[in-house]
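S.K.: Please find the sequence and the predicted model below.
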Amino acid sequence: MAVFKRVPLIFVILCCVAFYYADMSFPFVLNQVITRFIRDGVMVLALIIPIRAGMGVNFSIVVGALCAQVGLILALDLGLGSISGLVFMAFTGVTLSVIVGVIIGLCLNRVKNREMITTIIIGFLATSIYQLVFMVGYGTVISPSNPEIMLSRGIGIRNMVDLELFRNLLDTLWLLQVGKIEIPVFMILLVAAFAVGVHYITMTRLGKQFTVVGQDHEKAMTLGINVGRVRIKAIVISTLIACMGHLFYILNIGMLNVYTAQMNTDIFSCAALFAGGATLVNARVGHAFLGILLFHSLFILSPQAGQNVFGNPALGEYFRSFVAYGTIGLALILNAKHRDLGHPNFSVSNQVIKNKG
């Protein structure tokens, strides 16, 4: 596992260099990191369970994000208030995420060992269906109740929807001011609660089944574990957590970009998890939190550092995309290399092959 510690070390070095050249105050950077933590923390946690179940990165967490957006749009259309609307959108999003999670799990059971590319395609397909429904279906097949969220032609939801009733509804609860640093205690505890929940799941009987299935399917079946059902449960949990994570993200932003808000949630969450030292076979809560701290710190610092060093902040923006995709690529390369060298998590499979030989 030492080889994977290089990724967090690289990010630490890059963050230090960027902080030096960005010339930003530490309280400002810390405030921004805290904001990113409560926005994206739960979404990153959604990737852990499928990885432990041997399914790789679940890029279909985009579908969970879409479920959250569906619940939010329906709440706005029905004109629900802040608390009632929040309960409605959470209930609707969770219900949809469980249903689509089961469907995705069934699909992935038919493409074992090709889960990651399949979840990418599923994410694209779900986005297309979602956009078709709310861009064309709303106002034609579906009759809207709230004309304010509709385009002037009466067909399709507006691109941007204001969330005035829900903006900072959770962020301002138990807000602690320490000098120039604002600490949203309630939201931090909420993210921590999801982290504790994910960690608890990994320690339960179901969590042990995830681990065994992730190591070797044949051994899991020998132990009487229903591999297909366990994999479906992993995807359902992941999709549900992603739904809630995206809901927190939207409420923190205070605006909903109806057709593109879900884009890159999978890429940035994956990059943050890998930046913390996770791999395709081993991901933990500690990896997620460390990755969020390092990855988003670099995201905050790089544009200003690019401005100060090169006189062009666009270079920092380009660097953000490079870091996101580069982190994923580096982690995949290191993971493949380590697999060939005999990674401990593949020892069970290797032993089975030897015994068959």
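M.R.: Received it, and whenever you're ready, just let me know what you need. Bear in mind that the values here come from a model prediction, so they are computed numbers and not experimental data.

S.K.: ranges for the helices of the protein?
M.R.: Applying DSSP state H to the chain gives helices spanning 6-22, 26-45, 48-52, 61-78, 82-108, 115-132, 185-203, 205-215, 217-222, 227-253, 265-275, 285-310, 313-340, 347-356.

S.K.: Can you name the residues that contact the most centrally placed residue in the chain?
M.R.: Nearest to the mean C-alpha position of the chain, by C-alpha atoms, centre = their mean, lies M43 at 3.2 Å. Shown here is M43, whose contacts under the criterion C-beta atoms under 8 Å, 6 or more residues apart in numbering are 61, 65, 241-242, 245-246, 249, 265, 269. C-beta here means a position set from N, CA and C on the backbone, and glycine is covered the same way.

S.K.: Over to G81?
M.R.: Taking C-beta under 8 Å, 6+ apart as the test, what G81 contacts is L165.

S.K.: Next: V44.
M.R.: Per C-beta under 8 Å, 6+ apart, neighbours of V44: 245, 269, 272-273, 288, 291-292.

S.K.: Look at S152 and say how many residues are nearby.
M.R.: 8 (other C-beta atoms under 10 Å).

S.K.: ok, it to G139 distance?
M.R.: S152 sits 11 Å away from G139, taking C-beta to C-beta, to the nearest Å as the criterion.

S.K.: Make JSON lines from the contacts of V44 and add pLDDT, neighbour count and distance to L175 to it.
M.R.: Formatted as JSON lines, the contacts of V44 follow (pLDDT from 0 to 100; neighbours: other C-beta atoms under 10 Å; distance: C-beta to C-beta, whole Å):
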{"residue": "G245", "pLDDT": "94", "neighbour count": "25", "distance to L175": "21"}
{"residue": "S269", "pLDDT": "91", "neighbour count": "31", "distance to L175": "26"}
{"residue": "A272", "pLDDT": "89", "neighbour count": "30", "distance to L175": "25"}
{"residue": "L273", "pLDDT": "91", "neighbour count": "31", "distance to L175": "28"}
{"residue": "A288", "pLDDT": "93", "neighbour count": "29", "distance to L175": "24"}
{"residue": "G291", "pLDDT": "91", "neighbour count": "27", "distance to L175": "26"}
{"residue": "I292", "pLDDT": "92", "neighbour count": "27", "distance to L175": "20"}
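
S.K.: Just give me the closest of those residues to L176.
M.R.: I292 (19.9 Å; C-beta to C-beta).

S.K.: Y138: what's it in contact with?
M.R.: Taking C-beta under 8 Å, 6+ apart, one finds 144, 150, 155-157 in contact with Y138.

S.K.: Hmm, C67 is touching V98, no?
M.R.: No. Using C-beta atoms under 8 Å, C67 makes no contact with V98, being 9.0 Å away.

S.K.: of the two, who's got more company?
M.R.: C67 (31 against 15).

S.K.: Quick check: F186 touching N168?
M.R.: No. If you go by C-beta under 8 Å, F186 and N168 don't touch, sitting 11.3 Å apart.

S.K.: Got phi/psi on G79?
M.R.: Per-residue torsions, G79: phi 70, psi 30 (degrees, to the nearest 10).

S.K.: I'd assumed P144 was in contact with it.
M.R.: No. Between G79 and P144 there is no contact under C-beta under 8 Å: 10.9 Å.

S.K.: Of those two, give the one with the bigger neighbour count.
M.R.: Comparing G79 with P144 by other C-beta under 10 Å, the one with more neighbours is P144, at 17 against 12.

S.K.: Tell me how far that one lies from A275.
M.R.: P144 is 42 Å from A275, by C-beta to C-beta.

S.K.: Equivalent analysis for N226, please.
M.R.: With C-beta to C-beta as the criterion, N226 and A275 are 34 Å apart.

S.K.: Who has more neighbours out of those two?
M.R.: A275 (32 against 13).

S.K.: For that one, give me its contacts.
M.R.: A275 neighbours (C-beta under 8 Å, 6+ apart): 7-8, 11, 290-291, 294-295, 327.

S.K.: Now for these: which two are most distant?
M.R.: Largest pairwise distance in these, by C-beta to C-beta, is 12.9 Å, between L290 and T327.

S.K.: neighbour-wise, which of the two wins?
M.R.: Remark: of L290 and T327, T327 carries more neighbours, 25 against 20, as counted by other C-beta under 10 Å.

S.K.: The more buried one against A271, yeah?
M.R.: Yes. T327 lies in contact with A271 (C-beta under 8 Å); the separation is 4.3 Å.

S.K.: Overlap in contacts, the two.
M.R.: F295.

S.K.: Okay, now the unreliable bits of the stretch 51-200 of the chain?
M.R.: Within the stretch 51-200 of the chain, not a single segment meets pLDDT under 70.

S.K.: Check the stretch 251-357 of the chain too.
M.R.: 313-314, 316-317, 320, 324, 334-357.

S.K.: ok, and the closest non-adjacent residue to T239?
M.R.: Once flanking residues are discounted, T239 sits nearest to G101: 3.7 Å by C-beta to C-beta, 6 or more residues apart in numbering.

S.K.: Cool, thanks, signing off.
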